[in-house]
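Visitor: Sequence and computational prediction follow.
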Amino acid sequence: MNVKKIIPGIDIKNGKVVKSVKFLGTKEVGDDPVAFAKKYYEDGADELTILDIMASIEGRQTKLDIISRIREAVNIPVSVSGGI
């Protein structure tokens, strides 16, 4: 049986949702990562991947308040990367 999963990624920089190509030309695409997570969940995502793209570079941990709010908003697995 060939099972496929939909696992969108949400890149976060300074608490905002961003998109880039190979982390170059980063552009802000939204103010609220939780809203993006909810939309992906409602659209049928099986899991979410959250990447705080500046956490490691800045030598800090991922903003756990954002992750906590996302976990409260969706009922699917969430993977977190960056500053862990």
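Guide: Perfect, thanks for sending it.
Visitor: contacts and neighbour counts: CA atoms only from here.
Guide: Will do.
Visitor: gap between residue 40 and residue 73?
Guide: Distance from residue 40 to residue 73, counting by C-alpha to C-alpha, to the nearest Å: 11 Å.
Visitor: Please compare these two by neighbour count and tell me which comes out ahead.
Guide: Neighbour count, other C-alpha atoms under 10 Å: between residue 40 and residue 73, residue 40 has more, with 20 against 14.
Visitor: Which residue, other than its chain neighbours, is closest to the more buried one?
Guide: residue 8 (7.2 Å; C-alpha to C-alpha, 6 or more residues apart in numbering).
Visitor: How many residues are close by that neighbour?
Guide: For residue 8, using other C-alpha under 10 Å, the count is 16.
Visitor: Same question for residue 17.
Guide: That count, for residue 17 with other C-alpha under 10 Å as the rule, works out to 23.
Visitor: pretty sure it is in contact with residue 32, am I right?
Guide: Yes. Counting by C-alpha atoms under 8 Å, residue 17 touches residue 32, with 6.7 Å between them.
Visitor: which residues sit in contact with residue 36?
Guide: Taking C-alpha atoms under 8 Å, 6 or more residues apart in numbering as the criterion, residue 36 is in contact with residue 10.
Visitor: How far off centre is the helix or strand where it lies?
Guide: In this structure, residue 36 sits in helix 33-42 according to DSSP states H and E. For helix 33-42, the separation from the chain centroid amounts to 9 Å (computed by C-alpha atoms, centre = their mean, to the nearest Å).
Visitor: mind exporting that helix as CSV, just the C-alpha atoms?
Guide: Extracted in CSV, the C-alpha atoms of helix 33-42 (Å, rounded to 0.1, in the frame of the first residue of the first chain):
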residue,chain,number,x,y,z
PRO,A,33,2.0,31.5,12.1
VAL,A,34,-1.0,30.1,14.0
ALA,A,35,-3.4,31.2,11.3
PHE,A,36,-1.2,29.4,8.7
ALA,A,37,-1.2,26.3,10.8
LYS,A,38,-5.0,26.4,11.2
LYS,A,39,-5.4,26.8,7.5
TYR,A,40,-3.1,23.9,6.6
TYR,A,41,-4.9,21.8,9.3
GLU,A,42,-8.3,22.6,7.9
